[in-house]
Each structure stands twice: as C-alpha cells, then as structure tokens.
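sharing a sequence plus its predicted fold:
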Amino acid sequence: MSFIYCPQCATELMAVTDMEDGGPKERMRCPVCNWTHWNNPTPVLAAIIEKDGQVLLAKNAMWKGDMYALITGFMEAGESPEDGVRREIEEETALQTESLELIGVYEFLRMNQVIIAYHAVCTGEVKLSPELVDYKLLDLKDVKCWSAGTGQALAKWLRSRGHEPEFMEFRR
C-alpha cells in the first residue's frame, strides 16, 4: 500500500533517506509527526497442492487468458504460516490438508511480497471459491513453471520429485 498523506495527521508525506545497517534507505515520512511508512513486504502463502498424485493449478477469476497457478493468499494476523496455508487451501478449494512441508521462501519484488511456499497433500472434493473460475489436476510431467515467485517454488518441488521443470511465460 502506498501512502501520500500521513494516516495520523493528514500531512503530505516527504521522501527522506535514512542511513541503516544495509546503507541508505528511502522512506516516506511525515514532517509534522514523524510517522514513517516502512513499506515492508507482505507475506503471501502459496500451496503446491498434491491430490491423488497430481498437482492442482487454478485460474483466478481476475486473470485474462488461460493462466493457471498455485493456490495463494495473504497470511492473517495471529495465524502461523502453516495455519494460514491450510485455511487458504480450504477456503479456495474445500480440500482438507493431510500434510504440509515447507518448500522455501521466495522474493516477489514486483508486488513487494515475500512468498512462503508449501507442498500440501490434500484430500476431498474440489469446490472452488468465487475467487477461482477453473482448476486442473496435472501429472507432474505435464506441469509447467513460470520464472517468478511461486513458479520458482514449483520448480524446486518438481526437481525434488525427479522432474526437470519446463518454464513458460506467466501471463495474466
């Protein structure tokens, strides 16, 4: 989220440069009350859902084209990443998570996000939330990856299963 005005006193924010351990960092700060917009990355949870030995990829209702991707969602305040990814899986697919394994943590700089990716073995009948319009269950050999964020997690997981991933361009 970008801020132009201070949420405390409504004064226009100004760009200031602070020296920090990693060198100079530009931040937006209020010249009146010193409120600072830190603009830290947002944690996003991602699930490589394995159901009956296949990988579930879903199409978001907001995306144009024919792109299918992992189930993702924002971590809520007060929940662990594991609880959050279980919640997202259930909310978006109605599947029950039998087991979870952390795949890794990935940068997604374009969206100012940090992706925490899991492999989830799930059971049940897929019932999509209104956020999603379609899904596919694919054999591992048929899964294609994309170069950013969740695609890197999917590629790592496929390699761990003995499949060298094929990459494609991610288009929304």
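That came through fine. Residues are numbered from 1 along each chain as shown.

find the centremost residue of this protein, please.
Most central in the chain under C-alpha atoms, centre = their mean is Val44, positioned 3.8 Å from the mean C-alpha point.

after the longest helix along the chain, which helix or strand is next?
Using DSSP state H to assign secondary structure, the helix with the most residues in the chain is helix 81-93. Going down the chain from helix 81-93, the next helix or strand is strand 96-108, by DSSP states H and E.

may I have the strands that pair with the helix or strand containing Ala46, each with its orientation?
In this assignment (DSSP H and E), Ala46 forms part of strand 42-51. Using DSSP bridges, the strands paired with strand 42-51 in its sheet are strand 54-60 (antiparallel), strand 71-74 (antiparallel), strand 113-123 (parallel).

what mean pLDDT does the longest one get?
Averaged over strand 113-123, pLDDT sits at 97.

residues in contact with whichever helix or strand comes after that strand?
Following the chain from strand 113-123 toward its C-terminal end, the next helix or strand by DSSP H and E is strand 132-138. Counting by C-beta atoms under 8 Å, 6 or more residues apart in numbering, the neighbours of strand 132-138 from elsewhere in the structure are 51-52, 54-61, 68, 92-93, 126, 128. For glycine as for every other residue, the C-beta is placed from the backbone atoms N, C-alpha and C.

what about the protein, any weak spots by pLDDT?
Along the chain, the parts satisfying pLDDT under 70 run over 1, 170-172.

how is it carved up into domains?
Residue ranges for the structural domains of the chain, counted by automatic domain parsing, are given in the record as 1-39, 42-168.

if anything else comes up later, I'll come back, but that's it for now.
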